[in-house]
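K.L.:
3D model of this:
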Amino acid sequence: MGSRVSVFDTARITGGVGMTARAGIGMLALQGSFDLARVLDGATAVTEVSGARLASQAEETELKLGLAGVYRQGGLSLAAETSMNGSRLDAVGVRLSVQF
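P.N.:
Model prediction:
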């Protein structure tokens, strides 16, 4: 397309803490997780496309929650997992799987 693209300020430093808890009850295994991440430096990224300067701002603090469970019996395994970014309630993921 003949566009010139330049990217500036792409370095980002983040720090975080998290916790995971697991429990097994017979053939059912459960896991929950909680993570808190903070951008310490570089929350803003700048790009120049054909002379137009574009900037994006990342969330400075993110809270992530997850819950997973697996049920096993014989050769059958049913798994369900969900996660969400508490900083953006529209960022929810769900995964289901069956294995024989």
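K.L.:
show me what contacts Ser3?
P.N.:
By C-beta atoms under 8 Å, 6 or more residues apart in numbering, the contact set of Ser3 is Val49, Ser50. Where C-beta positions appear, they are placed from N, C-alpha and C, glycine not excepted.
K.L.:
what does the pLDDT read for it?
P.N.:
Confidence at Ser3, expressed as pLDDT, is 72.
K.L.:
mind checking how far it is from Thr47?
P.N.:
Distance of Ser3 to Thr47, computed by C-beta to C-beta, to the nearest Å: 11 Å.
K.L.:
report the contact partners of the spatially closest residue to Asp41 that is not a sequence neighbour.
P.N.:
Spatial nearest neighbour of Asp41, excluding adjacent residues (C-beta to C-beta, 6 or more residues apart in numbering): Ile13 at 4.4 Å. The contact partners of Ile13, by C-beta under 8 Å, 6+ apart, come to Val39, Leu40, Asp41, Gly42.
K.L.:
for the spatially closest residue to Ser77 that is not a sequence neighbour, give its distance to Asp35.
P.N.:
Sequence neighbours aside, Gln99 is the residue nearest to Ser77 in space, at 4.3 Å (criterion: C-beta to C-beta, 6+ apart). Separation of Gln99 from Asp35 (C-beta to C-beta) stands at 27 Å.
K.L.:
ok, now Lys64?
P.N.:
According to C-beta to C-beta, Lys64 and Asp35 sit 4 Å apart.
K.L.:
what is in contact with those two at once?
P.N.:
Jointly contacting Lys64 and Asp35 under the rule C-beta under 8 Å, 6+ apart are Gly18.
K.L.:
all helices for this protein, in order.
P.N.:
Applying DSSP state H to the chain gives no helices.
K.L.:
okay, now the nearest residue to Arg12 once chain neighbours are set aside: neighbour count?
P.N.:
Excluding its sequence neighbours, the residue lying closest to Arg12 (C-beta to C-beta, 6+ apart) is Gly42, at 3.7 Å. Counted with other C-beta atoms under 10 Å, the neighbours of Gly42 add up to 13.
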